[in-house]
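1. Build me a model:
(chains A, B and C)
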Amino acid sequence: MEVLHSKIGEVIKMDSKNKIILGKKELITALKNVMTKMDVIAPIKGLGDETHFQKIESTEEIFWEYTHDLFPPKNFFLKQEEDLFRFSVNGEVDLKEFPVSQRKIVIFGIRSCDVKGLEYSDLFFSNTYKDNYYLEKRKRSILVSMACVKPPFDNCFCMCTNSGPFLESGFDLQIVDLGEKYLINIGTKKGEDFLKAGKVKLVNAGKKEIARVEELKKEADVYFETTAYFAKAIIQVTGDKVKEELWEDFGEACISCGSCTHLCPMCTCFDVYDWMDDENYGVRTRNWDSCHYAGYTREASGHNPRGQSKERVKRRCYHKLSYQYMKINNNLHGCVGCGRCVIACPVFLDIPTIIKRIRKEGLIEKEIEKV
Amino acid sequence: MKGILSTCGGCGCGCGMYLYGEKGRIKNVAPVRIHPASKGNLCIKGWNIHQSINSSERLKKPLIRRNGTLQEATWEEAIDFAVKGFKKILKREGGKGIGVIGSQKITNEENYSLMKFARTVLGTNNIDLCGRFYCFSLQSEPFNVFYGGSIYDYVDELQENDIVFIIGANPSEENPQIGARILKALRRGVKLFIVNPRRIQFGLFSEIYLKNIPGSEIGVINSILRLILEGREDTEEKELFEFLELYNQKFIEELSGVNFEELKKIAEDLKKPVKKLILFSSGLVSNEFFSDSVNSILYIAKLTASKVYSLGGQNNFRGAVEMGVQPGYLTDYQSIAEVRKKFEKAWGRSFPDEAGLNVFEMLEEALKYALKGMYIVGENIVVSAPDTNRTKRALSNLEFLVVQDIFMSETAQFADVILPASSFAEKDGTFTNLEGRVQRVRKVIEPRFESKPDLQILNLLEVGFGRKPKSDVPTKIMKEISSLSPHYKNVSYKELDKGFGVMVDFPPNGKVPNILPIEKRYVRTPESPDIEYPYYLITENIVFCHTSSTFSKHSSILRRELPRGEAELNPKDARELDVRAGQMVKIISRRGELILPVKINPEILAGTVFIPLNFISGNSNILTGAKVDMRLKLAGWKFCTVRLEKL
Amino acid sequence: MANIYLPDITVIKDIIQETSDTKTFVLKFKNLKVQNNFRFKSGQFVEVSVFGVGEVPIGISSSPTEKKNFEITVRAVGSVTNALHQKKVGDEIGIRGPLGNNFPIDEMKGKKILIIGGGIGLPPLRSLILPMIEKRRRFKKFTILYGARTPDDRVYKNLLKKWNEKKDVEFLETVDVAGNGWTGNVGVVTTLFEKIEIDPQDTVAYTCGPPIMIKFVIQKLLEIGLPDDMIISTLERYMKCGVGKCGHCAIGHKYVCVDGPVFSFKDIKTLPEE
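-> Numbers count the residues shown, from 1 in each chain, chains lettered A, B, ... in the order given. Next up is the predicted model:
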């Protein structure tokens, strides 16, 4: 079974030798061992049933029944606010880069949809010009994903975008919960590094366990609803067959809050600006930006190619839902089905709703889509 | 690095947000999925608020004006200088010589302490908010409208209405979450009626959209009221119907330019037995007929069993009013006359018994050299008050001005002492959002540079005046507040920490919704156009900043979003004036002038000019006027007339 | 890994006032090694940093054959360009580049060259014209058309004179509004088309200028019969990072900073209307 290559880690062929079994207690011990050498980011419990991915100091903090973090893990690599370099302008100009940490980070429990999102942003940040800030963090990160046996919450739809709940590649390790123990797929050499650091005794998975995983995959087919049929929407968008009235409707509804882009694992836009610490020293910083903001394309002369909301919504849909996009990006869909936009958008302009309305030829439906 | 639950300081929606601090800066802002008002969303201000907090342009040190220039000083020097300056005026004039302006952006505990400081230490009841220029709290006198009085509503329940009538408001710009709820209601099939001189978002989905002549809202509302009263048998209503006979078809069409048939349709729908909502905002507030407009709306609401909602301005506007930052009221809308003894006993201090000057009167007195000193906290009055030139004259007449703020502002340019304050992410406290939800703001990072939370600054001033240092611990202050304010009696930090805050809109303290008798008929709009000034000017808040934009301007993204500052004209007017797009024109009002490029916009009503309230190079208050609603002493700000000159 | 966002430091060697709001800056990298390794192609741009204010993309206006230094011509329009105009000779600014794609030159050997510039569109074309004129004999014909708003708004006034005097170069210019004793053509740059002969089979046209001028020029060239891939232009968009990451300059699936700024009309046609 061939594996699509992951650019960041070294490729390992997937076969039964790369599936191991680990007991539940042993995983915790492994994490404890890893934490002595690397920073471990894991899901912790927030208010209600909220989950937050944060650095843990002890394995007791891990919230094993976690749902989904509204905030995407791209934040660990493309930070919401990140300083690029310092400059001093006292006569001669001097530039100083910030020191780069060498400490490895493990993102434990990351979901398959988010792994797929990182696969896209890995491609994006390494094509043509290599973004060193993102890539050096990715290089020293290890993704230990947890396959979803049941949908972690109501709004996800990874089955529609080929991004889960079980992946074949993209992860360094994928953990499948078999009930009493875990089956772990080793995807890359970095995954092996984690197991080494965890001082894990490698026990190969047996036929029974591998069969159980296949059973779970079949069960997942039943649990995970297909809520968004991408293919037809992609055909209509690529062929420019969507009614103008539909874009006007979307544009009228959009409040340009930018939440969909900030929370989307596949959105990567940022703004760069300089600020002064005092007269002589300053910093160049970058900050998340959104193509939904009106000023995103405004030029110094005042001319704005996408001054109207409908133009911006249309542009984002074309960016995510057209065939050209898939071609450029290794056949990745423009969406990973994580469902964050469904929660965050207060005006029903999340990807599944947009797809539904495009598919139905732009007919406006008056029933409640989601409350 | 841990995320701390706090409340957004952007607008009155009070969305929950997680703030993550590291090395003295906010590094992440994240939405809260289960927050009852925001439900996992943040608007553009919320997402970029950390940039303003992290900005290196924050006021770093106290500043004192010596020999005409502002120079850095220590806190000791600045407090000493401020106290000396106040004492000098107090000795000569007493408390009435000083005016205090509170802030709609600082916490409840801070506003309460400021109010207490003003009354008991400075000995003045001259304390007010700049919100008087553009916001109004329905809970205030004379209307006393609280939730539970079956008129008000929670943000999230707005979407359950069947008919929504928006007049003088732009919900998606002023309070995005409310705009979103209206959109949700629209997707359900709700009927939307809009009356606004300018095209607002969701207009495409509206059933009826009336572009009225600016300032004629009172006529439109009374006309609808009259239509609803038609045929009613009750004597009082019959009398009122006859009293309003002025608002017949011919009159209203001439006064407001709207189609009478459409008004009839609106009235018909409002009479239906479904869930209805009437929404208004600064479009009505900044108008000399404000109290009468709201009064008529309440009357309509009573007759048709509709709910009423007024949009909520800044993040703690409602809290500031409820903490008694008002000349004639203490906390919780209790008038000085009613509760002075109760407060004096609780405080162990006395304060004057006469109501003080409101902000409008303070500026008037300053112009006459009768008000000598001011203490302005967290407010940029030069930008938020109408008629900028007049405000500047008033401030320059003052003998002594102390400004306490986070950033340097146009108002601070006039100050003798500038005290650097901390942002909401650097202190503990509470905000009350427009729903009446009291929520925690929590300290995430230490006060940046040498800024101090306003509570600490007030304590330093009190010590400077020789008083014993009072508590500056927010939990204790809230205890005091809740013991003196009926609506806040269930608010304690213990309760606030259980979830998302405490609602203060439960059974009113004996006050019932009050509708005043309708006694006036209006035959004109405020400041009608004439030969000298033939165009109406309309200004409006935009979503990227609130009113004075002091806070938002320092976020690189929000600053980028600020509009360029263009005067929008209808093509017909542009042709008459012989100006084309991009051409510079001078816009002149009775009070000031601006030079801006022209933008042609066919959606603008002919005979009107639109200039956004805030833009990159300035704001439009230099043109606006100060006509006052005499009953409530609210200042008219939105509408004035102008003429345009080609350059 | 190289830091694609970190500029190199250059020193301003000379400043030439071209018009009331446009200056040419002659720059040299402070680090000699960087200067010696700096190779660019006609049409590429650099990201110019005025530290503390920001960064803007500016086309390189000098010839790629000049190795000792390079030039940028900048109009003061926004905060960064205005701050740049305050700089003096000897001051230091940051440069990242060369970035973007370039004008096709080698493929056009043997063709008739038509260059149409408008106003501030001439600087990037200068980096094309200079090396081409050096190898004038490679091309069958060489025509330059230039239009500016007023006589004072013309950039590179001395160079224009030189081109006018050159015998093997056909040079015509025009202004929108005459003044200052102007005795030459008056009218928009498309009016110059009537004064020259264009062979639609064998000509390649390069054009740069304000968007509205480009629109009319391309229209005219299509009317004359030039094929789509022989009309070369530049697209402008608000740019930030210049390396195809921040997303601001994206049109459809192309990034103006990486796939452009030079596009043939054939490519422009495939982009969504914006």
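2. quick one: A:A42 is in a helix?
-> No: residue assignment for A:A42, taken from DSSP: H, G, I helix; E, B strand; the rest coil, gives strand, which places it outside any helix.
3. Contact partners for the closest residue in space to it that isn't next to it in sequence?
-> Nearest-residue entry for A:A42: A:F108, 4.4 Å, with adjacent residues in sequence omitted and distances by CB to CB, 6 or more residues apart in numbering or on different chains. All C-beta atoms are positioned from the backbone trio N, CA, C, and that covers glycine. Remark: with contacts taken as CB atoms under 8 Å, 6 or more residues apart in numbering or on different chains, A:F108 is in contact with A:31, A:40-43, A:62, A:144.
4. quick one: low-confidence parts of chain A?
-> Using pLDDT under 70 as the threshold, the predicted model of chain A has low-confidence ranges A:1-17, A:361-371.
5. Could you check which helix or strand contains the residue nearest to A:A42?
-> Secondary structure here is read from DSSP states H and E; on that basis A:F108 sits in strand A:105-110.
6. Closest residue of the stretch 101-250 of chain C to chain B?
-> When scored by CB to the nearest CB, the stretch 101-250 of chain C has C:Y238 as its residue closest to chain B, at 9.9 Å.
7. ok, the residue nearest to that residue when sequence neighbours are not counted - how many residues close by?
-> In space, not counting the residues next to it along the chain, C:Y238 is nearest to A:E299; the distance is 4.8 Å by CB to CB, 6+ apart. By the measure other CB atoms under 10 Å in any protein chain shown, the count of residues near A:E299 is 15.
8. quick one, what contacts A:E299?
-> With contacts defined as CB under 8 Å, 6+ apart, the neighbours of A:E299 are C:236-238.
9. mind redoing it with 10 Å?
-> Remark: with contacts taken as CB atoms under 10 Å, 6 or more residues apart in numbering or on different chains, A:E299 is in contact with A:305, C:77-78, C:211, C:236-239.
10. ditto for B:D454
-> When contacts are counted by CB under 10 Å, 6+ apart, B:D454 is found next to B:102-103, B:106-107, B:109-111, B:113-114, B:377-378, B:404-405, B:419, B:421-422, B:427, B:429, B:472.
11. May I have the secondary structure class of the residue nearest to C:Y238?
-> On the three-state scheme (three-state DSSP), A:E299 is labelled coil.
12. any idea how far it lies from B:R564?
-> Summarising the geometry, the distance separating A:E299 from B:R564, computed by CB to CB, to the nearest Å, is 11 Å.
13. go on, A:C156?
-> Plainly put, A:C156 is 41 Å away from B:R564 if you go by CB to CB.
14. The two - which one has more neighbours?
-> Counted by other CB under 10 Å, A:C156 and B:R564 do not tie: A:C156 has more neighbours, with 29 against 16.
15. and of the contacts of A:F108, the nearest to A:L246?
-> Within the contacts of A:F108, distances to A:L246 taken as CB to CB reach their minimum at A:P43, with 37.9 Å.
16. Pretty sure A:H68 is one of the things the closest one touches, is it not?
-> Yes: distance between A:P43 and A:H68: 8.9 Å, which falls inside the contact criterion (CB atoms under 10 Å).
17. Name the residues contacting each of these two.
-> Overlap between the contact sets of A:P43 and A:H68, as judged by CB under 10 Å, 6+ apart, is given by A:51, A:53, A:111.
18. need the contact list for the second one.
-> Looking back up the chat, that one is A:F53. A:F53 sits next to A:41-44, A:66, A:68-69, A:71-73, A:75-76, A:107-111, A:114 when contact means CB under 10 Å, 6+ apart.
19. Would you mark the buried spots in the one helix or strand it maps to?
-> For A:F53, the enclosing helix or strand under DSSP H and E is strand A:51-55. Residues of strand A:51-55 classed as buried under the neighbour-count rule (16 or more other CB atoms under 10 Å in any protein chain shown) are A:51-55.
20. quick one: strands adjacent to that strand?
-> strand A:39-45 (antiparallel) (DSSP bridges).
21. The partner strand vs strand A:105-110, what angle?
-> For the pair strand A:39-45 and strand A:105-110, the angle between their directions (axes from the mean of the first three to the mean of the last three CA atoms, to 10 degrees) equals 30 degrees.
22. what's the neighbour count on the spatially closest residue to C:I196 that is not a sequence neighbour?
-> Closest residue to C:I196 apart from its sequence neighbours, by CB to CB, 6+ apart: C:T143 at 5.9 Å. In terms of burial, C:T143 registers 19 neighbours under the definition other CB under 10 Å.
23. Near chain C, which residues of the stretch 51-200 of chain A are found?
-> Where proximity means CB under 10 Å from any CB of the partner chain, the interface of the stretch 51-200 of chain A facing chain C comprises A:78, A:84-89, A:91-97, A:100, A:124-125, A:127-136, A:139.
24. And chain B, by the same measure?
-> Taking CB under 10 Å from any CB as the measure of proximity, chain B contacts chain C at B:556, B:560.
25. Nearest to chain A: which residue in chain B?
-> Checked against chain A (CB to the nearest CB), the nearest residue in chain B is B:A180, 3.3 Å away.
26. Buried ones in stretch B:569-578, by neighbour count?
-> Those buried within stretch B:569-578 under the rule 16+ other CB under 10 Å are B:569-570, B:573-574, B:577.
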